[in-house]
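[1] Whatever this is, show me its structure:
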Amino acid sequence: MTTRARELIALDKRHLWHPYTPMQRYIEQESPLVVVRAEGSRLYDAEGRSYVDGNASWWTALLGHRHPRLVQALIDQVGRMEHVALAGITHEPAVRLAQLLARVAPAGLSRVFLSDNGSTAVEVALKLALQFWSQNGRPERTRFVALEGAFHGETLGATALGGVEVFRRPFASVVLDCVHVPRNAAAHEHAFASLSQIVEREADTLAAVVLEPVVQGAAGMRLYDPSLLARAREVTTRHDVLLVLDEVFTGYGRTGPFWASEHAGVTPDLCCTAKGFSGGMLPMAATLVSERIFQGFLGAPERAFYYGHTFCGNPLGAAVACEVLRVYHDEDILARARDKAVRLARGFEGLRELRGVEHVRTLGMIGALDLAGPAGYLSRAGALVCEAARRRGAYLRPLGNVVYVTPPLNIPDTDLDELLHILAESIREVL
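    Coordinates of the predicted model:
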């Protein structure tokens, strides 16, 4: 290890508090990867070694790292304007971004509220739903419905929706009222039947149903049939309960189509997007809203949506997010990713025969499997595989006993093949 790397790790352990990290074990036992550069589908450490970025740096770098067009868009915007507020004034990057988003949004979502990460995009949706009903004749509608195992972000409002118990438990006494529908890993059918019953029985008190469309990410990449999402849309429409789809992870082509909701042919009332939204370059997010919701905030000043963050609609992030959409179009990202998805699925199919591997599944550019043994987010089985993969030159991050890959959509085939080979060898070593 280089002197520079040792110095950085020592300072890190003295001062830095890492997300989702048991810090005592980290300080006492772990030697973290020190990343000094990233490009394309690879990360480079302080010793010059490269690693295939197997989870696109927490699902964000959908176009890889430092895509030249995104870098240039950022440089160009810095040369003109770095930041101005969006409250009561405007600027071209935000306007153009809203225009482009309205074009690609699920049909009927014509209004765009910009924020700065996936959690706040969901928080915006929750507050919009609550205020919409409060000032449009249904103030008793204050509760939400989400699936067990759901993950929708970290702000206090979004935490209420979370169905991963270890994330929600410390804050359970102070969060919004949310009904969590029980979900067995093999029985989404039962969960959505229960969801329909809850909506039919309790619609008068429900502000919205909030779902991750087609795949529950942090729950362990749990896939469900698109017909179940269509069923949720039907029952929420029939009882006039808002449907919020959290496309922070699933949007921008991760599951195949641009929006995962396209698998079911449904349009939500509100749609949340982030992560790949800015190509992973800058904190940036949006909540896309129907005209009906927007109209519910017009009128007297007290009906306005008094919400926002300092960097809402930041010109740098907006300029990059615009360029992301142009790159998707010009480089035909979704079509190119379809071929890579076939390659990924073929690789995961070969993992079924490995001892200790259970429940292999793929969808678009998502591949996941369960390891035999104790399940749950705190299981160490996946971590051991990811540590073995790091020694071989791939960066992965587990979800308990679930090991998954979510590489950039434009990862070179050679890098994808290397990633799949490393995963297989790492599983063999550990199991």
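
[2] Excluding chain neighbours, what is closest to the most centrally placed residue in the chain?
    Most central in the chain under CA atoms, centre = their mean is Phe249, positioned 2.5 Å from the mean C-alpha point. Nearest non-adjacent residue to Phe249, counting by CB to CB, 6 or more residues apart in numbering: Gly217, 4.4 Å away. C-beta: built from backbone N, CA, C; applies to glycine.

[3] what's near enough to touch that neighbour?
    Residues in contact with Gly217, defined by CB atoms under 8 Å, 6 or more residues apart in numbering, are Trp59, Phe151, Phe249, Thr250.

[4] Assess the claim that the last one and Leu211 are in contact.
    No - using CB atoms under 8 Å as the test, Thr250 is too far from Leu211 to be in contact (10.2 Å).

[5] of the contacts of Gly217, closest to Ala375?
    Nearest to Ala375 out of these is Phe151 (CB to CB; 16.1 Å).

[6] Just give the number of residues close to the spatially closest residue to the closest one that is not a sequence neighbour.
    Nearest non-adjacent residue to Phe151, counting by CB to CB, 6+ apart: Ala218, 3.4 Å away. Residues lying near Ala218 (other CB atoms under 10 Å) number 21.

[7] How much space separates Ala218 from Phe249?
    To Phe249, Ala218 is 8 Å away according to CB to CB, to the nearest Å.

[8] And Asp330, by the same measure?
    The gap separating Asp330 from Phe249 is 24 Å, by CB to CB.

[9] which residues touch Gly54?
    Ala389, Ala394, Tyr395, Leu396, Val405, Thr406, Pro407, Leu419, Leu423.

[10] In TSV: those, plus neighbour count and distance to Ala203.
    Formatted as TSV, those follow (neighbours: other CB atoms under 10 Å; distance: CB to CB, whole Å):
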residue	neighbour count	distance to Ala203
Ala389	28	47
Ala394	28	47
Tyr395	21	45
Leu396	26	42
Val405	28	40
Thr406	27	35
Pro407	27	41
Leu419	27	46
Leu423	28	45
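
[11] from these, which is closest to Glu349?
    The nearest one, if we look at the contacts of Gly54 relative to Glu349 and count by CB to CB, is Leu423, at 12.8 Å.

[12] And the strands in the stretch 151-300 of the chain?
    Assigned by DSSP state E, counting those that start in this stretch, the strands in the stretch 151-300 of the chain fall at 178-181, 206-211, 215-216, 222-223, 242-246, 270-273, 285-290.

[13] Enumerate every residue touching Phe294.
    Neighbour list for Phe294: Ser110, Arg111 [criterion: CB under 8 Å, 6+ apart].

[14] swap in the one 10 residues further on?
    With contacts defined as CB under 8 Å, 6+ apart, the neighbours of Ala304 are Phe297.

[15] Find the nearest non-adjacent residue to Lys13, please.
    In space, Lys13 is closest to Ile27, 4.9 Å off (CB to CB, 6+ apart).

[16] next one: Ala388
    Ser426 (3.8 Å).

[17] centre of the chain versus the helix or strand of the chain with the lowest mean pLDDT, how much separation?
    Sorting the helices and strands of the chain by mean pLDDT, DSSP states H and E puts helix 165-168 at the bottom, at a mean of 74. Relative to its chain's centre, helix 165-168 lies at 17 Å (CA atoms, centre = their mean, to the nearest Å).

[18] List the buried residues in that helix.
    Phe167, Arg168 (16 or more other CB atoms under 10 Å).

[19] same deal with stretch 315-327?
    Judged by neighbour count (16+ other CB under 10 Å), stretch 315-327 contains these buried residues: Pro315, Leu316, Gly317, Ala318, Ala319, Val320, Ala321, Cys322, Glu323, Val324, Leu325, Val327.

[20] Stretch 242-251 too?
    Under the neighbour-count criterion of 16+ other CB under 10 Å, stretch 242-251 has Leu242, Leu243, Val244, Leu245, Asp246, Glu247, Val248, Phe249, Thr250, Gly251 buried.

[21] For Leu74, give me its contacts.
    Met281, Leu282, Leu316, Ala319, Val320.

[22] how about 7 Å then?
    Applying CB atoms under 7 Å, 6 or more residues apart in numbering, we find Leu74 in contact with Met281, Leu316, Ala319, Val320.

[23] average pLDDT across stretch 222-240?
    If you average the pLDDT over stretch 222-240, you get 97.

[24] contact partners of that stretch?
    Contact with stretch 222-240 is made by 149, 185, 188-189, 192, 195-196, 199-200, 203, 209, 211, 213-216, 243, 261, 263-266, 361, 363, as judged by CB under 7 Å, 6+ apart.

[25] Which among those count as buried?
    By neighbour count, with 16+ other CB under 10 Å, these hold 149, 188, 192, 195-196, 199, 203, 209, 211, 213-216, 243, 261, 263-264, 266, 361, 363 as buried.

[26] coming back round to it: ok, so of the contacts of Gly54, who is nearest Ala337?
    Nearest to Ala337 among the contacts of Gly54, counting by CB to CB, is Pro407 at 10.0 Å.

[27] Can you give me the separation between the closest one and Arg231?
    Between Pro407 and Arg231 the distance, using CB to CB, works out to 32 Å.
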